[in-house]
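Engineer: fold the following, please.
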Amino acid sequence: MEFKHVENPQIQFASPESIAEFQNARLREEVAYLYARSPYYGGLMRSLGITPGDIRMVEDLAKLPTTAKEDLQRRSGEFVCVPEQEIRDYVTTSGTLGSPVVFALSDSDLERLAYNEWLSFSTAGCVAGQRLQLMTTLDRRFMAGLAYYMGARRLGMASVRVGNGIPALQWDTIARIHPEVCMVVPSFLVPLVEYAQHQGIDYAHSSLRKAICIGEGIRTPDLSLSRLGERIQTLWPTLELYSTYASTEMQSSFTECECQCGGHAQPDLIICEFLDEQGNPVPEGEPGELTITTLGVRAMPLLRFRTGDVCYHFRQPCSCGRNTLRVSPLLGRKGQMIKYKGTTMYPPALYDILDAVPGVNDYLVEVFENSLGTDEISIRVVTDSPSEAFAKELKDLFRAKVRVAPRIVFSPQHEVQALKNPTGSRKVVKFIDHRVR
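Structural biologist: As a prediction, the model looks like this:
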């Protein structure tokens with residue numbers, strides 16, 4: 001039996017019933033592929049006495065156990081479904097919650113990756129003929145940077161690969177090539193504007209009109225702009241902000257349309273479940289852990305993989321015309337949940353508060369386990385005006401917003417920057433978890 005990825009860009013506009021029927025058919029093919037090709041999943045199904053015929057629709061996935069990050073870390077080789085000579089690219093996960101996992105991609109997977117980002121850019125309103133400035137890395141084993149480049153190429157956009165950081169080079173590129181769109185970690189837009197202000201650059205009338213933001217939230221779970229999003233919009237009101245969310249394991253993304261009411265899933269690339277701590281599905285309106293089954297991945301497909309990302313989901317049709325599932329901005333990572341003095345929270349809630357304080361130049365959130373075995377939060381703050389009065393102001397602000405006040409430690413910029421940019425990391429670290437797991 002030949003297994004091929006099925007591209008169906010129009011399925012996102014079909015009725016919910018047609019989407020469900022399509023996904024059920026694709027799921028049956030995917031389970032047959034895994035049963036035949038995956039040492040891990042084939043062995044798992046046989047040990048449970050399950051055959052491909054037992055999984056006929058998405059609801060039947062509950063017959064199978066979920067896959068955890070730890071399974072990938074311990075047994076990654078067993079997830080590979082193609083001979084080594086068919087592998088064309090290797091990438092790794094970021095290792096945010098543990099050791100990075102190596103992922104292999106085949107020719108088909110690379111084509112699928114380009115197709116995914118073509119859909120993503122199209123969802124965000126990009127069109128052929130536009131220029132895209134990539135303010136992200138394409139190296140360091142980073143899947144997303146390569147995906148952006150290939151997706152833009154497939155759409156018919158021209159890309160300029162500048163990489164991250166270096167505001168002077170970014171503005172020089174904007175002046176020379178006149179890109180309309182950029183891919184960027186949103187917090188970098190703040191120093192980009194500050195550099196332009198210091199250099200007398202008329203950034204509001206530059207060619208850039210749209211920023212597709214990765215890696216950090218620009219909206220809160222209720223879909224309003226976060227403090228960071230508000231700050232960027234205030235600084236640069238002519239720049240449209242779009243959010244896209246993805247991970248290496250999913251090999252697909254969730255991207256906002258012009259309605260900006262959640263990231264659209266691509267039903268021909270991924271099946272989504274939202275589960276509670278016990279593995280039961282949660283209804284709309286309740287947070288759940290995004291659990292995914294890939295469709296069309298050939299080298300390392302995943303079945304019921306628990307991403308660790310907690311969010312809300314929406315199933316009502318979007319006014320853009322798509323009838324696809326949408327996800328909210330992340331509440332946080334499941335492994336980063338903090339229980340502090342009776343309050344449960346995730347780091348993004350703390351970031352949102354700190355991003356709104358004008359005197360905070362930079363920060364790093366740390367969590368520890370105290371002698372009683374409960375969580376303690378310490379925040380390193382970089383400011384030009386360290387004082388007891390400012391520390392009290394910050395603590396009062398936290399009490400007002402999240403009902404508890406963490407410890408505030410004023411730290412020099414170089415110290416915080418060193419902690420936020422550890423050697424070998426391709427992501428800026430804003431949260432360090434010192435708890436013993």
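Engineer: would you map out the domains in the protein?
Structural biologist: Using automatic domain parsing, the domain ranges for the chain come out as 9-85+249-256+261-330, 111-243, 337-433.
Engineer: just the helices in the protein please.
Structural biologist: 16-37, 39-47, 69-75, 107-123, 143-155, 167-177, 189-199, 227-235, 347-354, 388-402, 413-420 (DSSP state H).
Engineer: quick check: closest non-adjacent residue to Ile232.
Structural biologist: Leu189 (5.0 Å; C-beta to C-beta, 6 or more residues apart in numbering). Using the backbone N, CA and C atoms, a C-beta is placed for each residue, glycine as well.
Engineer: could I get the helices of the chain as JSON lines with mean neighbour count and distance to Val381?
Structural biologist: Below are those laid out as JSON lines (neighbours: other C-beta atoms under 10 Å; distance: least, C-beta to C-beta, whole Å):
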{"stretch": "helix 16-37", "mean neighbour count": "17", "distance to Val381": "47"}
{"stretch": "helix 39-47", "mean neighbour count": "16", "distance to Val381": "45"}
{"stretch": "helix 69-75", "mean neighbour count": "16", "distance to Val381": "31"}
{"stretch": "helix 107-123", "mean neighbour count": "22", "distance to Val381": "35"}
{"stretch": "helix 143-155", "mean neighbour count": "22", "distance to Val381": "30"}
{"stretch": "helix 167-177", "mean neighbour count": "15", "distance to Val381": "23"}
{"stretch": "helix 189-199", "mean neighbour count": "16", "distance to Val381": "16"}
{"stretch": "helix 227-235", "mean neighbour count": "18", "distance to Val381": "15"}
{"stretch": "helix 347-354", "mean neighbour count": "20", "distance to Val381": "8"}
{"stretch": "helix 388-402", "mean neighbour count": "14", "distance to Val381": "7"}
{"stretch": "helix 413-420", "mean neighbour count": "14", "distance to Val381": "8"}
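Engineer: those helices: which one's closest to Lys341?
Structural biologist: In terms of C-beta to C-beta, the element of the helices of the chain nearest to Lys341 is helix 388-402, at 10.1 Å.
Engineer: distance check, Ser385 against Ser187.
Structural biologist: 21 Å (C-beta to C-beta, to the nearest Å).
Engineer: typed the wrong thing, it's Glu180
Structural biologist: 22 Å.
Engineer: higher neighbour count, the two?
Structural biologist: Ser187 (20 against 17; other C-beta atoms under 10 Å).
Engineer: so what pLDDT did the closest residue to Arg131 other than its chain neighbours get?
Structural biologist: Spatial nearest neighbour of Arg131, excluding adjacent residues (C-beta to C-beta, 6+ apart): Pro179 at 4.0 Å. Pro179 carries a pLDDT value of 98.
Engineer: from memory Pro179 sits against Thr173, does it?
Structural biologist: Yes - using C-beta atoms under 8 Å, Pro179 is in contact with Thr173, at 7.4 Å.
Engineer: common neighbours of the two, please.
Structural biologist: 133, 160 (C-beta atoms under 8 Å, 6 or more residues apart in numbering).
Engineer: do a quick rundown of the strands in the stretch 251-400 of the chain.
Structural biologist: 252-255, 263-264, 270-275, 288-294, 305-311, 313-314, 326-327, 332-333, 338-340, 343-345, 362-369, 375-382 (DSSP state E, counting those that start in this stretch).
Engineer: neighbouring strands for the last one, and are they parallel or not?
Structural biologist: Strand 375-382 has the following strand partners under DSSP bridges: strand 362-369 (antiparallel), strand 407-410 (parallel).
Engineer: export the ones you listed to JSON lines and tack on distance to Ile201?
Structural biologist: Compiled in JSON lines, the strands paired with strand 375-382 are given as follows (distance: least, C-beta to C-beta, whole Å):
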{"stretch": "strand 362-369", "distance to Ile201": "23"}
{"stretch": "strand 407-410", "distance to Ile201": "32"}
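Engineer: among those, show me which one is buried the most.
Structural biologist: strand 362-369 (a mean of 19; mean count of other C-beta atoms under 10 Å).
Engineer: quick one: that strand to helix 413-420, angle?
Structural biologist: Strand 362-369 runs at 60 degrees relative to helix 413-420, counting by axes from the mean of the first three to the mean of the last three C-alpha atoms, to 10 degrees.
Engineer: what about the nearest residue to Ser247 once chain neighbours are set aside, how many neighbours?
Structural biologist: Closest residue to Ser247 apart from its sequence neighbours, by C-beta to C-beta, 6+ apart: Thr307 at 6.1 Å. Residues near Thr307, counting by other C-beta under 10 Å, number 19.
Engineer: and Thr307, what does it touch?
Structural biologist: Counted by C-beta under 8 Å, 6+ apart, Thr307 has contacts 247, 249-250, 289-292.
Engineer: what do you get for Gln260?
Structural biologist: 219, 223, 242-243.
Engineer: each with direction, which strands does the worst-scoring helix or strand of the chain on mean pLDDT pair with?
Structural biologist: Least confident helix or strand, the chain: strand 343-345 with a mean of 76, by mean pLDDT, DSSP states H and E. Paired strands of strand 343-345, with direction, are strand 338-340 (antiparallel) (DSSP bridges).
Engineer: is Ile50 in contact with Leu64, as I believe?
Structural biologist: Yes - with contact defined as C-beta under 8 Å, Ile50 reaches Leu64; the gap is 6.9 Å.
Engineer: please enumerate the shared neighbours of the two.
Structural biologist: Common contact partners of Ile50 and Leu64 (C-beta under 8 Å, 6+ apart): none.
Engineer: format the helices of the chain as JSON lines; extra columns: distance to Gly373.
Structural biologist: Listed next are the helices of the chain as JSON lines, based on distance: least, C-beta to C-beta, whole Å:
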{"stretch": "helix 16-37", "distance to Gly373": "41"}
{"stretch": "helix 39-47", "distance to Gly373": "35"}
{"stretch": "helix 69-75", "distance to Gly373": "23"}
{"stretch": "helix 107-123", "distance to Gly373": "43"}
{"stretch": "helix 143-155", "distance to Gly373": "37"}
{"stretch": "helix 167-177", "distance to Gly373": "45"}
{"stretch": "helix 189-199", "distance to Gly373": "38"}
{"stretch": "helix 227-235", "distance to Gly373": "32"}
{"stretch": "helix 347-354", "distance to Gly373": "20"}
{"stretch": "helix 388-402", "distance to Gly373": "21"}
{"stretch": "helix 413-420", "distance to Gly373": "25"}
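Engineer: which one of those lies closest to Pro281?
Structural biologist: helix 16-37 (14.8 Å).
Engineer: just the C-alphas of the closest one, formatted as PDB.
Structural biologist: C-alpha atoms of helix 16-37 as PDB (Å, rounded to 0.1, in the frame of the first residue of the first chain):
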ATOM      1  CA  PRO A  16     -18.000  21.000   9.900                       C
ATOM      2  CA  GLU A  17     -19.600  17.700   8.900                       C
ATOM      3  CA  SER A  18     -17.500  17.400   5.800                       C
ATOM      4  CA  ILE A  19     -14.300  18.300   7.700                       C
ATOM      5  CA  ALA A  20     -15.100  15.500  10.200                       C
ATOM      6  CA  GLU A  21     -15.800  13.000   7.500                       C
ATOM      7  CA  PHE A  22     -12.500  13.900   5.700                       C
ATOM      8  CA  GLN A  23     -10.500  13.700   9.000                       C
ATOM      9  CA  ASN A  24     -12.000  10.300   9.800                       C
ATOM     10  CA  ALA A  25     -10.900   8.900   6.400                       C
ATOM     11  CA  ARG A  26      -7.400  10.400   6.700                       C
ATOM     12  CA  LEU A  27      -7.100   9.000  10.300                       C
ATOM     13  CA  ARG A  28      -7.900   5.500   9.100                       C
ATOM     14  CA  GLU A  29      -5.100   5.800   6.500                       C
ATOM     15  CA  GLU A  30      -2.700   7.200   9.100                       C
ATOM     16  CA  VAL A  31      -3.400   4.400  11.600                       C
ATOM     17  CA  ALA A  32      -2.800   1.800   8.900                       C
ATOM     18  CA  TYR A  33       0.500   3.500   8.100                       C
ATOM     19  CA  LEU A  34       1.600   3.500  11.700                       C
ATOM     20  CA  TYR A  35       0.600  -0.100  12.200                       C
ATOM     21  CA  ALA A  36       2.700  -1.100   9.200                       C
ATOM     22  CA  ARG A  37       5.700   1.200   9.500                       C
END
